[in-house]
Each structure stands twice: as C-alpha cells, then as structure tokens.
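> I would like to see how this sequence folds:
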Amino acid sequence: MNLIDLPTGSDCPSIVNCVVEIAKDTSVKYEYDEEFHYFKLDRSLISSMNYPASYGFLPSTLGQDGDALDMLVYMTAPLQTGTVAECRVLGCLDMTDGGKKDYKLIGVPTFNEHPYSNIFDLDPMFLKVTKNFFQHYKELEGKHVEIGEWLGAEYAQDV
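This next block holds a predicted model:
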C-alpha cells in the first residue's frame with residue numbers, strides 16, 4: 001500500500017489525515033519513500049534540538065516545494081512512524097526553504113476533547129518553541145530557512 005495515495009481526509013480541508021514520519025521529542029528524521037513504500041532514515045539533526053511535535057505529511061497533496069504538505073500533530077504523546085492520525089487543521093507556519101514555500105500545517109487529533117478551533121487556541125509557548133525550532137534546526141548543516149508568522153485555520157485550509 002502506498003501511503004502517499006491514502007485519502008486526504010474525511011472533511012478536507014478542515015479534517016485531514018496525517019501520516020507520521022517523525023515522533024515528537026526525537027532528532028531522528030525519517031522520510032516516506034514513495035517508490036518502495038517504506039520509511040527510511042534520512043538523517044539525524046546535527047543540533048541538540050528535537051522535533052517539538054510529531055511530524056508527517058498529508059497524503060494525496062502536493063505543496064509548492066514539490067512534496068506532500070507537511071503537518072505537525074499537536075498532542076502530548078509522541079506518535080510512532082507510520083501512524084495515520086485524523087486531525088483538525090488549526091493553522092500553519094509560513095516558511096520558505098531553499099527558495100520554495102514549505103508551509104508547516106498544524107493540527108490536533110479529532111478525538112481531542114479540547115475545543116481547539118484555531119492556531120491561536122494553542123499554548124503560546126509551544127508556538128514560540130516550534131517557530132524557533134524551524135528557524136534554527138538546519139543551521140549547523142549550513143542551510144538557511146526563512147520563517148514568517150503563524151497563520152490561522154482559514155489560511156491553512158486554503159493551503
């Protein structure tokens with residue numbers, strides 16, 4: 001089964017599926033191989049930083065960078081590689097990587113009882129930490145990314 005071809009979500013663009021590649025609180029980066037249908041080790045971050053949330057992609061999408069859209073899953077527990085999480089889209093971080101837009105969408109699992117409806121309902125410190133992570137996580141590799149602002153649910157759903 002090719003996970004990139006899974007349905008985008010039950011009520012896209014407000015409810016989407018996220019295929020998790022990287023568990024929260026790790027520095028090891030896995031990527032899904034679309035040709036051979038497995039998760040492969042891409043690299044480990046050189047810095048002492050860890051991913052602030054579980055991180056993956058939205059199947060059946062294509063971002064401006066030529067890859068599936070990226071998503072962070074906001075929850076306290078780390079999700080394992082290969083997990084598919086149905087999430088409510090709350091917003092996104094405006095990011096440019098290698099001269100191409102590379103938005104980082106953020107969602108919360110639909111089972112979550114908390115009434116999150118927009119990015120600005122989340123813990124402000126989490127948003128600061130996450131923005132800082134993406135601004136600096138590639139620095140020691142000699143790569144530079146441009147970070148914009150957090151954008152709300154409507155904007156993210158349009159992306």
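> For the residue nearest the centre of the chain, list each beta-bridge partner.
Nearest residue to the geometric centre of the chain (Cα atoms, centre = their mean): residue 71, 2.2 Å. Beta bridges link residue 71 to residue 56, residue 105, judged by DSSP bridges.
> Compute the number of surrounding residues for residue 87.
Using other Cβ atoms under 10 Å, residue 87 has 27 other residues around it. Where you see a C-beta, it was placed from the backbone N, CA and C, and this is true even at glycine.
> OK, contacts around the residue nearest to the centre of the chain?
When contacts are counted by Cβ atoms under 8 Å, 6 or more residues apart in numbering, residue 71 touches 16, 18, 55, 56, 57, 58, 87, 104, 105, 106, 107.
> List just the nearest of these to residue 144.
residue 104 (16.1 Å; Cβ to Cβ).
> Quick check: that closest one touching residue 91?
No. In this structure, residue 104 is not within contact of residue 91 by Cβ atoms under 8 Å, at 9.6 Å.
> higher neighbour count, these two?
residue 91 (27 against 23).
> Now the more buried one: closest residue in space, sequence neighbours ignored.
Of all residues not flanking residue 91 in the chain, residue 119 sits nearest, at 2.7 Å (Cβ to Cβ, 6 or more residues apart in numbering).
> any idea how far the one you found lies from residue 135?
According to Cβ to Cβ, to the nearest Å, residue 119 stands 17 Å off from residue 135.
> Between those two, tell me which one has more neighbours.
More neighbours surround residue 119 than the other of residue 119 and residue 135, with 22 against 15 (other Cβ under 10 Å).
> Next up, phi/psi of that one, please.
Note on residue 119: its backbone torsions stand at phi -50, psi -30 [degrees, to the nearest 10].
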